[in-house]
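K.L.:
A predicted structure for the sequence below; I have some questions about it.
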Amino acid sequence: MTRADIWPGLDPGDARLMTRLHGDLPLTDHPFGTVGAEIGMDEDEVIERLHRLLAQGVLTRFGPLFQIERAGGRFVLAALEVPAERFDEVAALVNALPEVAHNYRREHAFNMWFVVGAESLAQVDAVLARVTELTGLPVHAFPKEREYFVELRLPIPGA
């Protein structure tokens, strides 16, 4: 398997940009210009590459991570047991909800795991009820009890 099989269209510049942006974004008037200068690109190229990587699905999200509880909100990890033949359909329904932060497939009886972020526990409960309504599947909720800072950084081939 080659890099192109994993990330089609990912050239070395894309890899450098993704590696650099996996962490701190400079707090400047032109953060993309600052990042670009560090890796040999101008601001417009950085922004164009990010738009393209998001449009291609190479990046599924680009944005800050917040400690939502400090602002009064809640994160809840949730799981579904999805029949294999419905997995893509259910994933599309779940992922269409704006409160769903990310969604993962797992080799487990609960084969779909996703995170719901909302302004209140009542709103989280409403989103989880909506998932059940849309999919016809019971949702298993696992509210966050404690926060762990892992900062997982996977190497990007070609960076």
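P.N.:
Everything's here; your move.
K.L.:
Check the spacing between A122 and H30 real quick.
P.N.:
Distance, A122 to H30, by C-beta to C-beta, to the nearest Å: 40 Å. All C-beta spots, glycine's among them, are computed from the backbone N, C-alpha and C.
K.L.:
got any ranges where the chain has weak pLDDT?
P.N.:
By pLDDT under 70, the low-scoring segments of the chain are 1-9, 158-159.
K.L.:
Quick one: the strands in it, in order.
P.N.:
Per DSSP state E, the chain carries strands over the ranges 74-80, 100-105, 112-118, 140-143.
K.L.:
In the second one, which residues are buried?
P.N.:
Burial within strand 100-105, assessed by neighbour count using 16 or more other C-beta atoms under 10 Å, is assigned to V100, N103.
K.L.:
neighbours around Y148, how many?
P.N.:
Around Y148 there are 6 other residues, counting by other C-beta atoms under 10 Å.
K.L.:
Same question for T34.
P.N.:
Neighbour count of T34, defined by other C-beta under 10 Å: 15.
K.L.:
R74 now?
P.N.:
18.
K.L.:
What residues are bridge-paired with it?
P.N.:
Under DSSP bridges, the beta-bridge partners of R74 are A118.
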